[in-house]
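Student: no letters, just coordinates:
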């Protein structure tokens, strides 16, 4: 979704566009259309989750109870904060404040790394507690069968989300490089804007994953 | 006839090296790269079909074993659906025409366009690897729990190949959507666009909205096999039918990904072949969008016998009937366009007639299948096979070949041999009907699909079908020959050999790399045919 | 389209504060047994948070109608997937799996 590299003037304008305005609109629409595909991609998983949770509410509540709720909560706060720094990075880019832009991009990436670190810690905890289906799965006999569905979904959903975070970090590293090199200007800030859209979207996915995976049945035990 | 010359500078002579092709960002060259790709996979899928029809020429399973047969029809389906039918018209004709038809220099994202070709090729080769190194026996539908816990064949490489190719579909669709929204030339309003663009746009919507769901579905199957997760496994409380819901949420609309672009092509052919504007332009345009939307509401009709609830089946049945409305609008409007038109009998038009007739048969038998009672009777029989081949082969391939013949002079700058072209169009039409019409009958009599042996009383119909398939095969090979031949020896076409209207006919054949020497300003509606038109080819 | 629409940073800080408050609220509510209301509350808060992010952080509030249509289209299609699949699961007179 990154616009074509700069060949012609004005800086950043690709040959197939008439002007930067048209290019900006095309890039924004392209990114939003891509995010639509992401809605449907994660949507398939939410569909599976909905069907099985409504079929096995007790097993899902019991399995959910095993997750580390404080880690999930902290991670939610971390991601929301990273969305703030991302929004501020776009703001700095719009104003052409290069140093501020670099600072906020670095902060965003740091928070993304913190998120992944905490996630890794959680995975390790699940491993120790023998919650990984197909690897070392064990659970209380009453919910042994159906809780596997929860954990399968938990690992796939959070795993795909983490993969999106890693891709996001890659995009941010690229943006950082462009910002340092001075490619990003107040006139040509669109790469930061559309990378930000991606980052915020990944945040939104987590906003739904967090209550669905960590909070259901929290009160039950 | 005035002397026709090749333009001194065009997209084909703008660099000759391998790099100038493999690193090109020109949508027209990428269209030709896709042409090579889809043709390659078409003949691989076709080879599987040849073996299937050979096996079915005799009742006992004597040519190949049952296991080999399973792999043959699976790979035929996988290759044809994912690597030929879905990409064919958008990536070849769409890539070539979308920017030219709206008066743009290129697609909005040329690098992404090239990327999607590479993704397509990598995905295709992955799947081909699965085919060569052991095969796949799940059917192209990957039904669980067989695909997740029972099959011992190459499910994961094939699934990975399809997953990868999905990105190609998504990126192409996304590129077209953005291009049509943002890159139209001055004056090219939505309602001045050729109908091919409306149908390409509708197709792209399905690509973007549907493909991610098949991606996640395939990923779930792969995760279940690799990590022994249990999404669809009854042993842990999973529901195999849930897989079918997710699968058909994409794979039913995928049928419209195949046939909508062909409908767009036919609209162009009918207008040019009759020298008239398409009757009820806006109805045909909105019918494309209606088909794209309704296509997402009917997937449950694949699951009438799979264990979905009665109420759900009822809803899906009613919604399925609704698809007939926009489809019929199109057929009636094409017919009305021909009425009192200067109807031509040139090759592209022959394919258009073929499309309209065969699509009508395919569509009407679709109504049978939307009715639960009939569907239960013919589910998993050759009736289904015949029905969807009438749509996919009779519809999509007819549309594609018609479009390829119509725009070939634009793409290559040269004319093919009209006599041979008409002959092969006739052979294809006859061969197609001989192949698939008997399958309606044998299916209704109860012959199930996906078996390598059958009772002797079905042999006559099966021999007819196999004979038709060999005729059809010849029909597909002839255009390969004369189209290749025309590249070197064909007469020069000139910019507008058909005397058609539309921006693509206002630029040279082949067009320059930037499509137009200056950005066109559009002040006319699509298909504004003057009372009489002189073609510039005698 | 209002191009280069630059929001004052206090908008971002305000939205951030609301998002954090919502996170706190959703965790707090989860520890009380409210029956089916637990799920409803959790999802309502999640949707509210997502809408805030989309409207302000992602600037949709200040974007073209086309962007609105794309966002709405994505959510609507997800709705189709959920609604028609559930039309099966919610009306099964027997549990076919389990």
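Tutor: Yep, it's here. As the structure is a computational prediction, the values presented were derived from the model and not from experiment. Numbering: from 1, shown residues only, chains lettered A, B, ... in the order given.
Student: how close does residue B:198 get to residue A:84?
Tutor: 42 Å (Cβ to Cβ, to the nearest Å). C-beta coordinates here come from the backbone N, C-alpha and C atoms, glycine included.
Student: is stretch A:86-104 up against chain C anywhere?
Tutor: Yes - with Cβ under 8 Å from any Cβ of the partner chain as the criterion, chain C is reached by stretch A:86-104 at A:86, A:87, A:88, A:91, A:94, A:95.
Student: now that stretch: buried residues?
Tutor: Residues of stretch A:86-104 classed as buried by neighbour count (16 or more other Cβ atoms under 10 Å in any protein chain shown): A:86-94, A:98, A:101-102, A:104.
Student: from residue B:437, how far off is residue B:425?
Tutor: Counting by Cβ to Cβ, the gap from residue B:425 to residue B:437 is 18 Å.
Student: show me the domain layout of chain C.
Tutor: Using automatic domain parsing, the domains assigned to chain C come out as C:1-63, C:65-98.
Student: and the ones you listed as TSV, adding mean pLDDT?
Tutor: Formatted as TSV, the domains of chain C follow (pLDDT from 0 to 100):
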stretch	mean pLDDT
domain C:1-63	91
domain C:65-98	89
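Student: turn those domains into TSV, including distance to residue B:323 and mean neighbour count.
Tutor: What follows is the domains of chain C, written out as TSV (distance: least, Cβ to Cβ, whole Å; neighbours: other Cβ atoms under 10 Å in any protein chain shown):
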stretch	distance to residue B:323	mean neighbour count
domain C:1-63	32	16
domain C:65-98	15	16
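Student: can you list those in CSV and add distance to residue B:449?
Tutor: Shown next, in CSV, are the domains of chain C (distance: least, Cβ to Cβ, whole Å):
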stretch, distance to residue B:449
domain C:1-63, 43
domain C:65-98, 24
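Student: between the ones you listed, which one is nearest to residue B:103?
Tutor: Comparing these by their distance to residue B:103 (Cβ to Cβ), the top pick is domain C:65-98, with 20.2 Å.
Student: all helices of the stretch 101-250 of chain B, in order?
Tutor: For the stretch 101-250 of chain B, the helices defined by DSSP state H, counting those that start in this stretch occupy B:110-132, B:155-182, B:195-227, B:240-274.
Student: is chain A within reach of the shortest one?
Tutor: Yes - using Cβ under 8 Å from any Cβ, helix B:110-132 comes into contact with chain A via B:110, B:111, B:112.
Student: isn't residue B:193 up against residue B:97?
Tutor: No - Residue B:193 sits out of contact with residue B:97 when judged by Cβ atoms under 8 Å, with a separation of 11.3 Å.
Student: now residue A:121: which helix or strand?
Tutor: Using DSSP states H and E, the element containing residue A:121 is helix A:98-128.
Student: any idea of the mean pLDDT in that helix?
Tutor: Averaging pLDDT along helix A:98-128 gives 97.
Student: now the angle from the next helix or strand after that helix to helix A:98-128?
Tutor: The C-terminal neighbour of helix A:98-128 among helices and strands, as given by DSSP H and E, is helix A:144-181. Using axes from the mean of the first three to the mean of the last three Cα atoms, to 10 degrees, one finds that helix A:144-181 and helix A:98-128 are set 160 degrees apart in direction.
Student: which strands or helices does helix A:144-181 pack on?
Tutor: Contacts defined by 3 or more Cβ pairs under 8 Å, 6 or more residues apart in numbering or on different chains; DSSP states H and E place helix A:144-181 against helix A:20-55, helix A:57-65, helix A:98-128, helix A:190-210, helix B:195-227.
Student: how far out from the middle of the chain is the first one?
Tutor: Its chain's average C-alpha position is 12 Å from that of helix A:20-55, according to Cα atoms, centre = their mean, to the nearest Å.
Student: neighbours around the residue in chain A that chain B sits nearest to, how many?
Tutor: In chain A, no residue comes nearer to chain B than residue A:134, which is 3.1 Å away by Cβ to the nearest Cβ. Using other Cβ atoms under 10 Å in any protein chain shown, residue A:134 has 16 neighbouring residues.
Student: any idea of the pLDDT on the spatially closest residue to it that is not a sequence neighbour?
Tutor: Nearest non-adjacent residue to residue A:134, counting by Cβ to Cβ, 6 or more residues apart in numbering or on different chains: residue B:228, 3.1 Å away. According to the prediction, residue B:228 has pLDDT 88.
Student: and what of residue B:112?
Tutor: pLDDT recorded at residue B:112 is 97.
Student: picking that back up, what's the most distant pair in the buried residues of stretch A:86-104?
Tutor: A:87 and A:98 (17.3 Å).
Student: quick check, central residue of chain C?
Tutor: Centroid check for chain C by Cα atoms, centre = their mean gives residue C:47 as the closest residue, at 2.3 Å.
Student: look up the closest residue to residue C:58, ignoring the ones flanking it.
Tutor: residue A:200 (5.0 Å).
Student: same deal with residue B:214?
Tutor: Leaving aside its chain neighbours, residue B:214 sits nearest to residue B:250 (3.7 Å; criterion: Cβ to Cβ, 6+ apart).
Student: surely that neighbour touches residue B:211?
Tutor: Yes - if you go by Cβ under 8 Å, residue B:250 and residue B:211 touch, sitting 6.4 Å apart.
Student: comparing these two, which residue is more hemmed in?
Tutor: More crowded of residue B:250 and residue B:211, by other Cβ under 10 Å: residue B:250, with 28 against 25.
Student: ok so, going back, what number of residues lie near the residue nearest to residue C:58?
Tutor: For residue A:200, the count of nearby residues is 24 (other Cβ under 10 Å).
Student: kindly report the same for residue B:109.
Tutor: 25.
Student: and for residue A:182?
Tutor: Residue neighbour count, defined by other Cβ under 10 Å, stands at 9 for residue A:182.
Student: and for the one 3 residues further on?
Tutor: Counted with other Cβ under 10 Å, residues neighbouring residue A:185 total 14.
Student: and it, how far from residue A:104?
Tutor: Here the criterion is Cβ to Cβ. By it, residue A:185 lies 16 Å from residue A:104.
Student: tell me the buried residues in stretch B:380-392?
Tutor: By neighbour count with 16+ other Cβ under 10 Å, stretch B:380-392 contains the buried residues B:381, B:382, B:383, B:384, B:385, B:386, B:387, B:388, B:389, B:390, B:391, B:392.
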